[in-house]
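Novice: sequence below, structure please.
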Amino acid sequence: MTGEPVHRGVADAVGAELVGLIEDCNSVGNAVFGVRDRLAVEHVTYHCIARYPGHLHAPYIRSTYPAEWIARYVLEDYLNIDPVVLFGFETARPFFWHQLSLTPRQRELMQDSLTHGLGDAGIPSPLSADQGAPCSA
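Specialist: The predicted structure is shown next:
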């Protein structure tokens with residue numbers, strides 16, 4: 001997969017501005033909605049994943065995505081083919097997901113997401129939790 005990193009200055013400025021907002025929230029769910037509103041974007045998702053050899057497991061998801069899409073994502077096991085999640089394991093920097101190289105199955109996932117009201121572009125920002133579990137916002 002390839003992905004063009006987001007300009008470092010943009011990522012630093014956005015990150016610094018949002019830290020206080022996130023710290024003031026009393027839950028991850030509230031933080032997700034607060035970040036969405038502050039950035040004036042359609043959706044924000046916080047995704048934390050346990051990674052085992054050959055398989056991703058136990059996603060923790062808080063999102064402004066429609067509940068129907070989140071349920072479908074989990075039931076279809078999209079986590080294990082999601083190009084955004086997989087590339088997030090390869091980089092520590094934000095990237096544009098529309099620039100990723102996709103397999104045919106990943107293209108199906110992205111098309112399915114469009115039919116459920118998600119956008120065709122986004123900027124994930126990979127994070128690392130204290131326990132080492134990879135996360136993305």
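
Novice: quick one: least confident helix or strand in this structure?
Specialist: strand 134-136 (a mean of 57; mean pLDDT, DSSP states H and E).

Novice: start and end of stretch 79-89, how far apart?
Specialist: The first residue of stretch 79-89 is 12 Å away from its last residue (CA to CA, to the nearest Å).

Novice: for that stretch, which positions count as buried?
Specialist: Leu79, Ile81, Asp82, Pro83, Val84, Val85, Leu86, Phe87, Gly88 (16 or more other CB atoms under 10 Å). (Glycine included, C-beta is placed from N, CA and C.)

Novice: now do stretch 30-48
Specialist: Buried residues in stretch 30-48, defined by neighbour count with 16+ other CB under 10 Å: Ala31, Val32, Gly34, Val35, Arg36, Val44, Thr45, Tyr46, His47, Cys48.

Novice: am I right that the fourth one sits in a helix?
Specialist: Put plainly, it is Val35. Yes - if the criterion is DSSP: H, G, I helix; E, B strand; the rest coil, then Val35 is within a helix.

Novice: the strands in this protein, which residues?
Specialist: Assigned by DSSP state E, the strands in the chain fall at 45-52, 55-63, 126-128, 134-136.

Novice: give the contact list for Ile70.
Specialist: Ile70 is in contact with Ile61, Ser63, counting by CB atoms under 8 Å, 6 or more residues apart in numbering.

Novice: same question for the one 5 residues further on.
Specialist: Not one residue lies near Leu75 by CB under 8 Å, 6+ apart.

Novice: tell me, what's the model's pLDDT at it?
Specialist: Per-residue pLDDT puts Leu75 at 91.
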